[in-house]
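1. Using only what follows, build the 3D model:
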Amino acid sequence: MSRVPKILIVIFLIALPAQLTASWQRGRLFGADVRALVVDPKNPDVLYLGTSSGEVYVSRDGTKSWTNPYLGVPFQSYIVDNLAVDKKGRLWAASWGLWGGSVVAVSSDGGATWSRRDAGLEEVSVRALALDPSDANTLVAGGLTGVWRSHDSGKKWEQISKQENVESLAIDPRDAKTIYVGTWRQAWRTDDDGATWKHIANGMVLDTDVFSIRIDPKNPDSVWASTCGWVYNSPDRGDTWTRFKEGFSNRRIHDITIDPRNANSVFAGSVAGLYRTDDAGKTWKIASDESLVINSIVLHPDRHGRIILGTEGDGVYISNDSGKTFARSNEGLYNVRVASVVPDPEKKGTVYASVLFGGNSSGVYRSSDYGSSWERLSRTRLPEILALLVQEKGSTPRFLAGTEKGLFWSADGLEWTPSEPSTTPLRYSEIIRYNQSRLFAASSAGVMTSKDGGKNWYALGGMAERTVDIAVGRFAGARALFALTSSGVMLFDGSKWSAIQGSPAKGRSLAISPREDANIVFVTGVQGMSAGKVGDDLKWKKSAVPEEAISSFFQARGSRTDDLFYAPRHDRFFFVGERGESGWKKLHLPVAANDVLTLGADPFSEKHLYLGTHGQGFFFFRPISDQKPTVPSGYTAGGAK
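-> I've put the predicted structure just below:
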């Protein structure tokens, strides 16, 4: 899922003086959206993990700690859905692109370097990968348009079937010519290396989406399948199937794994926890927290009683007592989406962050050491938080969160209460504070306002257009509220809403220049950036914009200065400039600029900036050059759009 960073403010890009030297450090905020998890067959303590952000991690101590051997993202803009270790110990990865295509690659050094092996498959969108257990050179790949096979470690590929929407593959350990294929609609098998295929669906529901296929290594005639409708077992290589569902509280099962020591014990990973059977599928019982969305299950014959789970958004969980208890084990996994970063306006060194799409670990976090280490703050299970506001001590309430399903308030950040009205929860993407008593929020049903600190809200001026962003600027010599809506830019002058004629019809973020003599409005979207002034006649008068492809403009809001942070779309740097200065300093980023979701600045120290990213965690910055920007005090952080 792609999200556009919160755009806070912009001015014209002018000259670029000396580069600003910087030192970025990564905060210890751990987690991952795990899409693939495998163990080295020869070493039970070596595991490999693939994420939805294109990263591959390795653990060499049984999940106690994780590292990124590539020191970056080897498959940028791809989802690593498949990992496998072949007989030679090589690591294979198959990933599919967010905008189409795929990458199949192999690593001989545990993921430090990769060699592509996908000539001819680049546009296939590979969704499944299987290796021959007895021949490291033979592998099959399945995608949306069929199945391909290679006998030379991926140097050349041959299409052996045209089944559509392939989700899963398995190779019979006795004979590599026997291949199983799971699709969006039931399963298939070949016994002659793809020359002919048999539709193996006897006992399967017609619309069965087969997510995974597992062959019992001790009895390869026994085959298990996890599907969108519970689990199936076949005792005769798929010729007939029996569906098992007794004991399940949900039907969508992502993965299934057989206990290597006891074929009667089988584990099924669902969208609501781990299930286990000890009677070959007749009955099932829950074996984990039902809040976990499980994508991968890993067992190893040399680690009896150990169960490792790869989850959606929440990283890795491990049990060493056959599933009686599970513990989160994410040290070193930085695949975290940080939607908002808010320094405490009164307590030095304290920073708050909201973790987005983190599964069971989504919510509000707090750091008391400038972002170096973190602890979970929110106890209430909240919808995904898109915007966070922290007010001064004494404010009631002190914390506000805009979520996908309404606004919430809290006095201490621990326990949260839905703001009213809560009967029709809306999507809130931004909250701003206008003055000591007045707040505004951008929602899917227009702009809302509160006069009691955020406990109660009502529609502002009767405007019901879907609003993605809001900002305070000036109009006709007075303060006014600007809103970026589904039909363009609108202005509220304190009494009524007016449409700005000629303003951009579409956009994702809105910003206002802080200069009172400029008052330029900036709108950024997928088509780039537009800028203009709003005249007293409510007409948009186009202004010039920088020539670069704009990704984001940020302003860390505060009461002392108005430093501006400008980022081109793909480069790894910001330009930093202060109001009243004509020059800009260059500030390098630890990630690509289009991976930045939010920016915060410490209100007490010029030495600290805070960065929340889309899938690469949290960073904090300490300048080490004499040419330091003046960092403003920042009280708010915008949400991911």
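
2. what about His614, distance to Pro590?
-> 13 Å (C-beta to C-beta, to the nearest Å). Heads up, the C-betas are built off the backbone N, CA and C, glycines and all.

3. do Lys177 as well
-> 49 Å.

4. So those two - more neighbours on which side?
-> Neighbours per residue, other C-beta atoms under 10 Å: of Lys177 and Pro590, the larger number sits with Pro590, 18 against 15.

5. Let me know the secondary structure of that one.
-> Here Pro590 is coil, with the state taken from DSSP: H, G, I helix; E, B strand; the rest coil.

6. Spatially nearest residue to Glu465 (excluding sequence neighbours)?
-> Thr485 (3.8 Å; C-beta to C-beta, 6 or more residues apart in numbering).

7. Any idea how many residues pack against the one you found?
-> 25.

8. Pretty sure it sits against Val468.
-> Yes - contact criterion C-beta atoms under 8 Å: Thr485 and Val468 qualify, at 7.5 Å.

9. returning to what we had before: quick one, what contacts the residue nearest to Glu465?
-> Shown in contact with Thr485 (C-beta atoms under 8 Å, 6 or more residues apart in numbering): 446, 463, 465-468.

10. likewise Ala459?
-> So Ala459 contacts 445-449 (C-beta under 8 Å, 6+ apart).

11. Out of those residues, which end up buried?
-> 446-449 (16 or more other C-beta atoms under 10 Å).

12. Now flag whichever of those residues is closest to Leu426.
-> Closest to Leu426 out of these is Met448 (7.8 Å), distances taken as C-beta to C-beta.

13. Report the rounded mean pLDDT for the helix or strand containing the closest one.
-> For Met448, the host element (DSSP states H and E) is strand 446-450. For strand 446-450, mean pLDDT rounds to 96.

14. Quick one: list the elements packing against it.
-> strand 439-443, strand 458-459, strand 467-475, strand 478-485 (3 or more C-beta pairs under 8 Å, 6 or more residues apart in numbering; DSSP states H and E).

15. redo that, cut-off 6 Å
-> Secondary-structure packing of strand 446-450 (3 or more C-beta pairs under 6 Å, 6 or more residues apart in numbering; DSSP states H and E): strand 439-443.

16. could you give the angle of the strand it packs on to strand 467-475?
-> Strand 439-443 runs at 140 degrees relative to strand 467-475, counting by axes from the mean of the first three to the mean of the last three C-alpha atoms, to 10 degrees.

17. now the strands for the stretch 151-300 of the chain?
-> Secondary structure of the stretch 151-300 of the chain by DSSP state E, counting those that start in this stretch: the strands cover 158-161, 166-171, 179-183, 187-190, 198-200, 210-215, 223-227, 230-234, 242-244, 253-258, 266-270, 273-277, 285-286, 294-298.

18. Mean neighbour count, distance to Ala32 and mean pLDDT for the ones you listed - can I get that in TSV?
-> What follows is the strands of the stretch 151-300 of the chain, written out as TSV (neighbours: other C-beta atoms under 10 Å; distance: least, C-beta to C-beta, whole Å; pLDDT from 0 to 100):
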stretch	mean neighbour count	distance to Ala32	mean pLDDT
strand 158-161	17	33	96
strand 166-171	24	22	97
strand 179-183	26	25	97
strand 187-190	22	30	98
strand 198-200	16	35	97
strand 210-215	24	20	97
strand 223-227	26	21	98
strand 230-234	25	26	98
strand 242-244	17	30	97
strand 253-258	22	16	98
strand 266-270	25	16	98
strand 273-277	23	17	97
strand 285-286	14	23	97
strand 294-298	24	11	98
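
19. Out of those, which gets nearest to Val46?
-> strand 294-298 (11.2 Å).

20. next helix or strand past that closest one?
-> Defined by DSSP H and E, the subsequent element after strand 294-298 is strand 307-311.
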